[in-house]
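> no letters, just coordinates:
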Ligand code: SF4
Ligand code: SF4
Ligand code: SF4
């Protein structure tokens, strides 16, 4: 099964310790459904950090490649439907 | 942590799901005391240390593991790795590990060294340790530079690789050829297992962990010397943006230091044979 970017459901999610992130961006291409992107905003050490869009599968690839231990990965018991992907919430 | 200005299309990532979800991955391995470290952004060494610690834990060996640590950027993790540790002098970790294992044969003894430490400063130590068939596991973090002491060339730097003292790229006529350490160790009679992994992508990280587990299992079974080399990104030493580190590893280091198993169950594959096999698999 493939998941489109901005799919309206997420099978998983991540928690991200953005203040520990050093902005290397290694997690961005590692994410198979491409639901991570670097922020425009900067954290306390002046670096951009990953933001999560709908469509995470909980695969854990981001966690595997992050040198700074920023990710925790979760899988939902049932896929989470987002109100409307991309819509302001 | 307060969440910083989150764009409207992004999901919250600062709170854990309260119900209806199970955690499948934790931030740090159980054998790391805390997540913070001072290695450069985009460095591959913390990723390699994660899989090493996870492999030790998953084999149920945390209480019996003794690490013998070389000197490099990774040495900073000696203050946070939650296993017993001995600090060795440059290059001497395999010899120190020999002594530890002979005195404490029931323990799981693992060295951690960089390419500068193992292949430059202590090349003979690791070769003799393998040849003697010492029942220890040596882990090499290979990025082709002396990262900690300023980024100069090591014995594994590949032809064309830029370092602080090969600014136009390593050139065989002036700087000689890289040593493929796995090819030196795998054929030795005392070597039970040898492999070369990589942490430049998630697939490589998973494969590398499996290699470390096979190496540690060989030691647990008393089969002899085991060796895992891990290619790691050093964007600082390679003069590339952090995001380009994995691609540089794949394009520049990996075509020379090919990844795969170099010795398993008595079967030896050279790096050349791994490269040929990888080429055949390409479409
Ligand atoms: S868990 Fe997988 S799908 Fe979700 S953000 Fe991480 S890499 Fe992407
Ligand atoms: S890989 Fe880790 S440190 Fe690098 S940008 Fe992603 S979260 Fe931040
Ligand atoms: S110099 Fe290289 S190996 Fe050392 S911490 Fe920086 S990126 Fe990692």
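All right, it came through fine. Remember, predicted model here, so these are calculated numbers, not experimental data. Residues are numbered from 1 along each chain as shown, chains lettered A, B, ... in the order given. Ligands and ions are numbered 1, 2, ... in the order given.
> what's across from the residue positioned nearest the centre of chain A in the sheet?
Within chain A, the residue whose C-alpha comes closest to the C-alpha centroid is residue A:52; the distance, by CA atoms, centre = their mean, is 3.5 Å. Following DSSP bridges, residue A:52 is listed with bridge partners residue A:36, residue B:11.
> pLDDT score for it?
In this prediction, residue A:52 carries a pLDDT score of 98.
> touching, it and residue A:16? I think so.
Yes - with contact defined as CB atoms under 8 Å, residue A:52 counts as touching residue A:16 (7.1 Å). Placement of C-beta: from N, CA and C, glycine included.
> in the lengthiest strand in chain A, what's buried?
As assigned by DSSP state E, the longest strand anywhere in chain A is strand A:71-81. Within strand A:71-81, the residues that count as buried by 16 or more other CB atoms under 10 Å in any protein chain shown are A:71, A:72, A:73, A:74, A:75, A:76, A:80.
> direction included, what does that strand pair against?
Paired strands of strand A:71-81, with direction, are strand A:9-16 (antiparallel), strand B:21-25 (antiparallel) (DSSP bridges).
> okay if I get those as JSON lines plus mean neighbour count?
Compiled in JSON lines, these are given as follows (neighbours: other CB atoms under 10 Å in any protein chain shown):
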{"stretch": "strand A:9-16", "mean neighbour count": "23"}
{"stretch": "strand B:21-25", "mean neighbour count": "15"}
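> select, out of those strands, the one closest to residue B:74.
Put simply, out of the strands paired with strand A:71-81 the one that sits nearest residue B:74 is strand B:21-25, at 22.3 Å, with distance taken as CB to CB.
> right, is the closest one up against ligand 1?
No - applying CB under 6 Å from any ligand atom, one finds strand B:21-25 separated from ligand 1 by no less than 7.6 Å.
> chain center to that strand: distance?
Between the mean C-alpha location of strand B:21-25 and the chain-wide mean there is a distance of 27 Å, by CA atoms, centre = their mean, to the nearest Å.
> next secondary structure element downstream of that strand?
With elements assigned by DSSP states H and E, the helix or strand that comes after strand B:21-25 is helix B:45-58.
> hang on, the earlier thing: distance to residue A:32 for the strands paired with strand A:71-81 - can I get that in JSON lines?
Compiled in JSON lines, these are given as follows (distance: least, CB to CB, whole Å):
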{"stretch": "strand A:9-16", "distance to residue A:32": "12"}
{"stretch": "strand B:21-25", "distance to residue A:32": "15"}
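> so which of the ones you listed is nearest residue B:264?
Taking CB to CB, strand B:21-25 is the member of the strands paired with strand A:71-81 nearest to residue B:264, at 28.2 Å.
> and residue B:132, how many neighbours?
Using other CB atoms under 10 Å in any protein chain shown, residue B:132 has 16 neighbouring residues.
> what separation do you get for the residue nearest to it when sequence neighbours are not counted and ligand 2?
Of all residues beyond its chain neighbours, the one nearest residue B:132 is residue B:190 (5.5 Å), with distances taken as CB to CB, 6 or more residues apart in numbering or on different chains. Using CB to the nearest ligand atom, to the nearest Å, one gets 39 Å for the distance from residue B:190 to ligand 2.
> check contacts around residue B:190.
Contacts here follow CB atoms under 8 Å, 6 or more residues apart in numbering or on different chains; on that basis residue B:190 touches B:130, B:131, B:132, B:133, B:134, B:224, B:225.
> using the three-state scheme, assign the fifth one.
With DSSP: H, G, I helix; E, B strand; the rest coil as the basis, the three-state label of residue B:134 is coil.
> can you pull the pLDDT of the closest residue to it other than its chain neighbours?
Nearest non-adjacent residue to residue B:134, counting by CB to CB, 6+ apart: residue B:98, 4.8 Å away. On the pLDDT scale, residue B:98 is placed at 98.
> what does chain B put close to ligand 3?
Residues of chain B lying near ligand 3 (CB under 6 Å from any ligand atom): B:39, B:40, B:43, B:45, B:73, B:143, B:147, B:148, B:234, B:235, B:236, B:237.
> now the helices: where do they sit in chain B?
Assigned by DSSP state H, the helices in chain B fall at B:45-58, B:93-103, B:115, B:123-131, B:172-175, B:181-185, B:202-220, B:235-238, B:245-248, B:271-281.
> quick one: name the residues of chain A near ligand 2.
Counting by CB under 6 Å from any ligand atom, the residues of chain A close to ligand 2 are A:21, A:22, A:23, A:24, A:25, A:26, A:27, A:49, A:50, A:66, A:68, A:70.
> any idea which of those has the most stuff around it?
Counting neighbours by other CB under 10 Å, the top entry in those is residue A:26, with 29 neighbours.
> what backbone torsions are found at that one?
Note on residue A:26: its backbone torsions stand at phi -70, psi -30 [degrees, to the nearest 10].
> what sits against it?
If you count contacts by CB under 8 Å, 6+ apart, residue A:26 has them with A:65, A:66, A:67, B:42, B:242, B:243, B:245, B:246.
> tell me the spacing between it and ligand 3.
Separation of residue A:26 from ligand 3 (CB to the nearest ligand atom) stands at 12 Å.
> do the same with residue B:28
In this structure, residue B:28 and ligand 3 are 18 Å apart, going by CB to the nearest ligand atom.
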